[in-house]
Each structure stands twice: as C-alpha cells, then as structure tokens.
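1. have a look at this prediction, sequence included:
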Amino acid sequence: TGRWHQIRRHLNGLDHPILGDSKHGDCRVNRYWRAEHGMAHLGLHCAQISLPLDDGETVDVRCPVRADMLAIWQRLPWWEQACEALPILREDAVEAEARRAQAAESEGGSLGTAV
C-alpha cells in the first residue's frame, strides 16, 4: 500500500503491538523483553513469502530468522507449535546452530596454541 509501518500500526491499534517496536509498541513491555530475554531488535520477521507473477510463475523468497531471535523463541513455550506450523523455523535453528559452531571454531582456531 506504500504506507510506512502499516503492519506495526494495525497490530498496535488492535492492542497487540510488536515486541521491540519503539515507535508503535509498548515501551514498558519492550524494556521487560530486553532485560529478561535480551531482545534488542524488532520482533517482526518474514521467514518466507511467495509472489505470483503475471506469467503464472511464482517467486519464492526465504529469509532465515536471525540467530539471536531464534535463541529467544526456542526458550518460549510455543516454540514446538511454531515449528509444526512453519517447519522452516526448525531448519533455520539448525543452520543458526551450525553458524554458531563454525564461528566458535574460527575464534578458537585464530587464538593459536598455548605453549
């Protein structure tokens, strides 16, 4: 529609502001989530979208969820239900864990060996 922050405005208008939304959200709730769960970013993510083209083809776009967001979600009681509804979340979690392991290995390898 060309309107900025439309999803964020609508959800806030329905008394369901997006976590981490400093412009349209609830500052008190955001502070709690930042302090208790380390949520420093907007809690809004489009993991996958399919766009139909005029010729009948479809463009499928996928964007993995940020590793820090996944870490928060995995600690919440609805994580398993979310994965059942959207299986790519579990794939993102596996990929994020592999990236974390690779980063840790790289950091360890760059430190050298103690003599």
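-> Great, that's in hand. This one's a predicted model, so the numbers in the text were calculated from it and none came from an experiment. Residues are numbered from 1 along each chain as shown.
2. excluding its backbone neighbours, what's nearest residue 100?
-> residue 67 (6.5 Å; Cβ to Cβ, 6 or more residues apart in numbering). In short, each C-beta sits where N, CA and C put it, glycine included.
3. what distance do you get for residue 61 to residue 16?
-> When distance is defined by Cβ to Cβ, to the nearest Å, residue 61 is 25 Å away from residue 16.
4. next SSE after whichever strand or helix holds residue 72?
-> Using DSSP states H and E, the element containing residue 72 is helix 67-74. As assigned by DSSP H and E, the chain's next helix or strand after helix 67-74 is helix 79-85.
5. how about that following helix: buried residues?
-> Neighbour-count burial for helix 79-85 flags 79, 83 (criterion: 16 or more other Cβ atoms under 10 Å).
6. so the helix ranked longest in the chain versus helix 67-74, what angle?
-> The residue-count maximum for a helix in the chain (DSSP state H) belongs to helix 88-110. Compare the direction of helix 88-110 with that of helix 67-74 by axes from the mean of the first three to the mean of the last three Cα atoms, to 10 degrees and you get 130 degrees.
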